[in-house]
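Q: structure of the sequence below:
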Amino acid sequence: MKLLSVSIGLPREVTWRGMTVSTGIFKDPVSGRIPLRRLNLDGDRQADLTVHGGEHKAVYCYPIEHYEFWKRELHGFPLPMGVFGENFTVEGMLEETIHLGDRFAIGSAEVVITQPRLPCYKLGIRFGSVNMVNRFFSSARTGFYLAVVREGEVGAGDEIRLVERDPNAVPLSDIFRLYAKKEYTGADVSIIDRISRVAAVPDDWKEYLRKRIAQPPVAE
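A: Now for the predicted structure:
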């Protein structure tokens, strides 16, 4: 696993559908090493802290492997690394192969996977299309967020090394699947029980899933 690119950006005001909107989705790659702190990378900020940023979303990662899919889907739209608003463009970390609660060493920092990305309308701003949010969600190519366990410095080219896996580890793709699913089976409820025991997963995700399983499961 490898860190291919580190991208940062400060919020800017843009015009979208007749309104002035502040957004931090525009990120540009940086060279050299950069400090990674508890809430973000130096030089990076989020515009709306009610849905972006914070300790559970300090860093957004997106797999380079998904870029080929979007090149086919978006028919020539420029796709430099960082275009999906990610801070880290990574290699070898697909949603099906990484887990909630996985801890990794990157450079001199240590991070933990907390949750998948749920796209908001600002992704549509970045791509100039109101349909992009639905297309991104439907693709299930979500990327993921990291919390910072130990501050340090990171840079493009760093190896990403697994340090520890939570004993209740659930693939990242499972929590997104359960979020999107309309009805749950008994097997789904068992997975949700495991997710609820992963310390790195934020309480709001756990509460959402607990409310969902209060509904009777469908027959398997």
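Q: so where is this structure shaky, pLDDT-wise?
A: 49-51, 215-220 (pLDDT under 70).
Q: bridging residues for residue 148?
A: According to DSSP bridges, the residues that bridge with residue 148 are residue 111.
Q: what's the local residue count around it?
A: 20 (other CB atoms under 10 Å). Just so you know, the C-beta spots here come from the backbone N, C-alpha and C atoms, and that holds for glycine as well.
Q: do you know how far the most centrally placed residue in the chain is from residue 118?
A: Geometric centre of the chain, nearest residue: residue 144, 2.3 Å, by CA atoms, centre = their mean. Distance, residue 144 to residue 118, by CB to CB, to the nearest Å: 11 Å.
Q: next, count neighbours for residue 91.
A: Residue 91, neighbours per other CB under 10 Å, totals 14.
Q: how about the contacts made by the residue nearest to it when sequence neighbours are not counted?
A: Residue nearest to residue 91 in three dimensions, not counting chain neighbours: residue 2, with 4.5 Å by CB to CB, 6 or more residues apart in numbering. Neighbouring residues of residue 2 by CB atoms under 8 Å, 6 or more residues apart in numbering: 90, 91, 92, 157, 158, 159, 160.
Q: helices along the protein, start to end?
A: 66-74, 121-127, 132-139, 172-180, 186-195, 203-213 (DSSP state H).
Q: mind putting these in a markdown table, mean neighbour count and distance to residue 100 included?
A: Shown next, in a markdown table, are the helices of the chain (neighbours: other CB atoms under 10 Å; distance: least, CB to CB, whole Å):
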| stretch | mean neighbour count | distance to residue 100 |
| --- | --- | --- |
| helix 66-74 | 14 | 19 |
| helix 121-127 | 19 | 22 |
| helix 132-139 | 16 | 19 |
| helix 172-180 | 19 | 6 |
| helix 186-195 | 16 | 6 |
| helix 203-213 | 14 | 9 |
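Q: can you say which of those helices is nearest to residue 150?
A: The closest of the helices of the chain to residue 150 is helix 172-180. By CB to CB, the value is 21.3 Å.
Q: give me the contacts around the closest one.
A: Against helix 172-180 from outside (CB under 8 Å, 6+ apart): 95-96, 98-100, 113, 115-116, 118, 137, 140, 142, 144, 184, 188, 191-192, 195, 201, 205, 208-209, 212.
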